[in-house]
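**Student:** got a predicted structure here, sequence first:
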Amino acid sequence: MKIKELVERLNLEVVVEGDLEVEVTGGYASDLLSNVMARSSAGNLWLTIQGHQNIVAIAQLIELAGILVTENFSIDDDTIKKAKELEINILRSKLDTYELSGKLYQLGIE
Amino acid sequence: MQKDEIKQVILDCEVEAGDFSVGGEASSKLKSLLHKLGIPAQTIRKIAIATYELEINIIIHTYGGSLKAEVTPSEIRVIASDKGPGIADLEKAFQPGYSTASQKAREMGFGAGMGLCNIKRYSDELNVETEVGKGTEIEARISLRESGDSNE
Ligand SMILES: Nc1ncnc2c1ncn2[C@@H]1O[C@H](COP(=O)(O)OP(=O)(O)OP(=O)(O)O)[C@@H](O)[C@H]1O
Ligand SMILES: [Mg+2]
């Protein structure tokens, strides 16, 4: 499924639009950066409450489909600026990571 | 063939201590260089992960240092060296979950104690030299041969 479709289905806020046409290959949820490095695959959507610049660096380095910031956690201005530069998708939702993971699973993102 | 004679330094960057926000800059630069060199995506991913972990470790655990990358026809070497404090117990440092990261670093999601494990996992050869009070040098070598992609 394309990120664009997830945005519509789950009513996600698009904080930074990189490329919403990108295909999501799966998901990974963690707030520990090294875990994300180790466990997620290219094309995954990453669910986290972190909002600092390093999330963009990570998404770019391991070629994630995008970052979904949960529980409406704040996202630093620098993060947004860097994501725009690097064309990294950043989405946000008021739902928590658990709820969002469940919904994503139901939509077939595993 | 003396293949290792043909060695090209493609990255040589200072990494400053303490500035979490620029974390990933050197790794990012290296990634785009490797892309231009036509290195396969799977290999770039391994190098990117190892380099990022090395870079962040310099930022959060040391007084500063540098990150260097060399390419030979057969492999990529990423060398992280820093000005201290050195690692007292290497065995411990490589244990998953062991971390001395500050509270501030942990709040930002660093400090899982997984970085060195990731570096080890994604490199084909790892050399560590460390001396307390002096500094640490870690060299991660990643093979450019086809069979070098079998770590995952
Ligand atoms: N260059 C270094 N100089 C001094 N100590 C280091 C260095 N690199 C790692 N260490 C020590 O080794 C420990 C483990 O490092 P590792 O990268 O595995 O985990 P971490 O950095 O604490 O957390 P994570 O990488 O998961 O965010 C660190 O907490 C630190 O005590
Ligand atoms: Mg680390």
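**Tutor:** Now that the structure is in, tell me what you want to look at. Ligands and ions are numbered 1, 2, ... in the order given.

**Student:** what parts of chain B come near chain A?
**Tutor:** Listed as neighbours of chain A in chain B under the rule C-beta under 8 Å from any C-beta of the partner chain: B:20-25, B:27-28, B:31, B:41, B:45, B:48-49, B:52-53, B:56, B:108-115, B:117-118, B:121. Just so you know, the C-beta spots here come from the backbone N, C-alpha and C atoms, and that holds for glycine as well.

**Student:** residues contacting A:Ser40?
**Tutor:** Listed by C-beta atoms under 8 Å, 6 or more residues apart in numbering or on different chains, the contact partners of A:Ser40 are A:28, A:46, A:62, A:64.

**Student:** biggest separation within those residues, which pair?
**Tutor:** A:Tyr28 and A:Ile62 (10.0 Å; C-beta to C-beta).

**Student:** higher neighbour count, those two?
**Tutor:** In this comparison of A:Tyr28 against A:Ile62, neighbours counted by other C-beta atoms under 10 Å in any protein chain shown, the higher total goes to A:Ile62 at 22 against 16.

**Student:** on that earlier part again, of the contacts of A:Ser40, which belong to strands?
**Tutor:** Among the contacts of A:Ser40, the ones falling in strands (DSSP state E) are A:28, A:46.

**Student:** tell me, which of the contacts of A:Ser40 make contact with chain B?
**Tutor:** Filtering these for neighbours of chain B using C-beta under 8 Å from any C-beta leaves A:Ile62.

**Student:** which of the contacts of A:Ser40 sits closest to A:Lys4?
**Tutor:** Distance to A:Lys4, by C-beta to C-beta, is smallest for A:Leu64 among those, at 15.8 Å.
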